[in-house]
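> Attaching a predicted model along with its sequence, questions to come.
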Amino acid sequence: MSKEITPRSENYSQWYNDIVRKAELAENSAVRGCMVIKPYGYAIWEKIQAQLDKMFKETGHENAYFPLFIPKSFLSKEAAHVEGFAKECAVVTHYRLKNDPDGNGIVVDPDAKLEEELIVRPTSETIIWSTYKNWIQSYRDLPILCNQWANVVRWEMRTRLFLRTTEFLWQEGHTAHATEAEAVEETHKMIDVYAEFAKEWMAMPVIQGHKTENERFAGAIDTLCIEALMQDGKALQAGTSHFLGQNFAKAFDVKFTDKDGKLNYVWASSWGVSTRLMGALIMTHSDDKGFVLPPKLAPIHVVIVPIYKTPEQYETICAKANEIAKRLRVLNITVKVDDRDTQKPGWKFAEYEMKGVPVRLALGSRDIENGTVEVARRDTLTKETIEMESLEAYITNLLEEIQTNLYKKAIDFRNENTYTCDTWNEFQDILENKGGFVYAHWDGTAETEAAIKDKLKVTIRCIPFNNKQEDGVCILSGKPSKQRVLFAKAY
RNA sequence: CGGGGUAUAGCGCAGUUGGUAGCGUGCUACGUUCGGGACGUAGAGGUCGGGCGUUCGAGUCGCCCUACCCCGACCA
């Protein structure tokens, strides 16, 4: 492994790739556009999953699992939906291989053609609503509040580790309700869950809002999102929650009898976050020395590096290190004692910095004599020598402080890179030269939105919740506007 | 799918007018080291992406594939 990662100032994309690879989060696989998530990266995803799963269950949801394959005809039942996904679907056409009659290995058996092609799910609305049809007859069967953890495939032109891969891991919630109000409430409830998770666990500030019609999910009436600002000034959509109205209920003929004995279509929501959150995590906190992880999502909170010269010292110091580890583990702190004799301290220091371990303890003979330990924190790269007895309180407090500090740094960064613009020149200058979030007036038309996208590659990230209503004129068209919306270049 | 690249040791690369392949790093062993990615010595590791052609001779020249990367368009 080489010693350097590309600085952000030199090449941000390269820096991102270096972190993903050198922190051993993921790597490209033998399959085009698909990644291998390595153990350390997967451990972080598992922590993300565990917490979200808990939050879903606390809000009344249950996990279920639906098939990977979707009959082609299902996908086309909702017009906007098929329009949105048709161009990026992997299609299964055959179910058997055979030996090549010409002796060139193995070929698809032309006799094993499927009667109806199967689509590898790009999202599961259709297969789930075809199933819900069988589950729902009466208002007593509602609501249905299901989530599934799954992989999906979208055949993207260009991929980037975690941010956009052909296959990715995610969770998708799919709910069915008796009333519109209830489905809308669910849609909002879940975007709030995502926002809370982003803030409290990822230490990542997000803006919640509505997507414009252009940016809406294919098949949704309304799409809510959380948008985060990355260090290079680009926005990342980190999660979405859709109010689907009765679109899928109508497409799959899912009706129920209400209390008055009337037959009605069911109301729906769907919501999801993906392994893209890993990319968000990297680009929110990391620096030129490597990955920086908020303690709440760190697979290892504290690493202890013993420093020794002789075998006797090794014995003594490792014994002490294990004792410290034991004391900390009682407090639910994950501790790794790196007692490998095969790597040297300096190497280990660099390694754990690369991997973003929040706290590192160095323990040498000096410390054993003095009853101290050296504590280094990853977020600030500062070191302190502290008394051994007060370690528990100190570390507990430090982990909380790092979590808080990371959020503060991220929100300070976002504030410094959020602008309010009233002229096109200023708007253009900021978005082309600095990047960041820009609040500006928009006339509300899809044409203007598209024209701005065309000129600057800038999109409306969202119309924030509780947006201040104020009279103004559109940044591009000069037509009257009632509110500012959030613009940015996006991933 | 348009434009531009790249393909040589696990990884990153060099290879001159065509003459039989090298550097860094990593790996293995031993010794000295060990509080910020140590050093020395000795080793192992390559059908040069694939195919066809030119030539006495091809990593190098020509043609045809294939894969991947970057910039666009598309997108969580």
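Nice, thanks for sending it over.
> what about the residue at minimal distance from the centre of chain A, which helix or strand?
Closest residue to the average C-alpha location of chain A: residue A:277 at 1.6 Å, with CA atoms, centre = their mean. If you go by DSSP states H and E, residue A:277 is part of helix A:276-285.
> do that helix and RNA strand B meet?
Yes. Contact of helix A:276-285 with RNA strand B (CB under 7 Å from any atom of the strand) involves residue A:276. Any C-beta I mention is one placed from the backbone N, CA and C, and that applies to glycine too.
> what does the stretch 351-491 of chain A have sitting close to RNA strand B?
Contact residues (CB under 7 Å from any atom of the strand) of the stretch 351-491 of chain A with RNA strand B: A:351, A:353-354, A:360, A:362-367, A:374, A:376, A:381, A:383, A:457, A:490-491.
> among the residues you listed, which ones are buried?
By neighbour count, with 16 or more other CB atoms under 10 Å, these hold A:351, A:353, A:354, A:360, A:362, A:363, A:364, A:367, A:374, A:376, A:490, A:491 as buried.
> check contacts around the closest residue to the fourth one other than its chain neighbours.
So that's residue A:360. Of all residues not flanking residue A:360 in the chain, residue A:376 sits nearest, at 4.5 Å (CB to CB, 6 or more residues apart in numbering). Shown in contact with residue A:376 (CB atoms under 8 Å, 6 or more residues apart in numbering): A:349, A:359, A:360, A:361, A:362, A:382, A:383, A:384.
> any chance of those in TSV, plus pLDDT?
Below are the contacts of residue A:376 laid out as TSV (pLDDT from 0 to 100):
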residue	pLDDT
A:349	96
A:359	98
A:360	98
A:361	98
A:362	97
A:382	97
A:383	96
A:384	96
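> returning to what we had before: mind exporting the helix holding residue A:277 as CSV, just the C-alpha atoms?
Only the C-alpha atoms of helix A:276-285 are listed here, as CSV (Å, rounded to 0.1, in the frame of the first residue of the first chain):
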residue,chain,number,x,y,z
ARG,A,276,-24.6,5.7,-1.1
LEU,A,277,-24.7,6.8,2.5
MET,A,278,-21.2,5.4,2.8
GLY,A,279,-20.1,7.9,0.1
ALA,A,280,-21.8,10.7,2.0
LEU,A,281,-20.0,9.7,5.2
ILE,A,282,-16.7,9.8,3.4
MET,A,283,-17.2,13.1,1.7
THR,A,284,-18.6,14.9,4.8
HIS,A,285,-15.9,14.3,7.3
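> Quote the end-to-end distance of stretch A:453-467.
22 Å (CA to CA, to the nearest Å).
> got the contact list for that stretch?
The contact list for stretch A:453-467 (CB under 8 Å, 6+ apart) reads A:207-212, A:214-215, A:225, A:227, A:235, A:237, A:428, A:431-432, A:437-438, A:442, A:449, A:452, A:476, A:483-490.
> now those residues: which count as buried?
Using 16+ other CB under 10 Å as the burial test, the contacts of stretch A:453-467 include A:207-212, A:215, A:225, A:227, A:235, A:237, A:428, A:431, A:437-438, A:442, A:449, A:452, A:476, A:483-490 as buried.
> Report the beta-bridge partner residues of residue A:268.
Under DSSP bridges, the beta-bridge partners of residue A:268 are residue A:176, residue A:245.
> OK, contacts around it?
Taking CB under 8 Å, 6+ apart as the criterion, residue A:268 is in contact with A:129, A:174-177, A:183, A:243-249.
> Please apply the same query to residue A:250.
Neighbouring residues of residue A:250 by CB under 8 Å, 6+ apart: residue A:265.
> before we move on, what about residue A:207?
By CB under 8 Å, 6+ apart, residue A:207 lies in contact with A:226, A:227, A:228, A:437, A:461, A:462, A:464, A:486.
> 7 Å - rerun?
For residue A:207, the contact set (CB atoms under 7 Å, 6 or more residues apart in numbering) comprises A:227, A:462, A:464, A:486.
> gap between it and residue A:412?
With distances taken as CB to CB, to the nearest Å, residue A:207 is found 15 Å from residue A:412.
> Likewise for residue A:119?
Per CB to CB, residue A:119 is found 45 Å from residue A:412.
> neighbour-wise, which of the two wins?
Taking other CB atoms under 10 Å, residue A:119 and residue A:412 do not tie; residue A:119 has more neighbours (24 against 11).
> what's near enough to touch the more buried one?
Residue A:119 is in contact with A:69, A:70, A:72, A:75, A:89, A:91, counting by CB under 7 Å, 6+ apart.
> picking that back up, show me which pair in the contacts of residue A:207 is furthest apart.
A:227 and A:464 (9.0 Å; CB to CB).
> Spell out which residues are contacts of both of the two.
Residues touching both residue A:227 and residue A:464 by CB under 7 Å, 6+ apart: A:207, A:486.
> just the strands in the stretch 351-491 of chain A please.
Along the stretch 351-491 of chain A, counting by DSSP state E, counting those that start in this stretch, strands occupy A:359-363, A:372-377, A:382-387, A:418-421, A:437-441, A:459-464, A:469-473, A:480-488.
> Whichever residue of the stretch 251-400 of chain A sits closest to RNA strand B: what's it in contact with?
In the stretch 251-400 of chain A, the residue that lies nearest RNA strand B is residue A:364 (2.2 Å; CB to the nearest atom of the strand). By CB under 7 Å, 6+ apart, the residues touching residue A:364 are A:307, A:308, A:317.
> same deal with residue A:118?
Residue A:118 touches A:69, A:70, A:71, A:72, A:92, counting by CB under 7 Å, 6+ apart.
> Can you tell me which of those end up in strands?
Mapping the contacts of residue A:118 onto strands (DSSP state E) picks out A:69, A:70, A:71, A:92.
> Give the ChimeraX command for selecting the buried subset of these.
Only the buried entries of the ones in strands among the contacts of residue A:118 go into this ChimeraX selection, using 16+ other CB under 10 Å:
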select /A:70,71
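> Tabulate the ones in strands among the contacts of residue A:118 (TSV), appending pLDDT and distance to residue A:196.
Below are the ones in strands among the contacts of residue A:118 laid out as TSV (pLDDT from 0 to 100; distance: CB to CB, whole Å):
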residue	pLDDT	distance to residue A:196
A:69	95	34
A:70	94	32
A:71	94	37
A:92	89	38
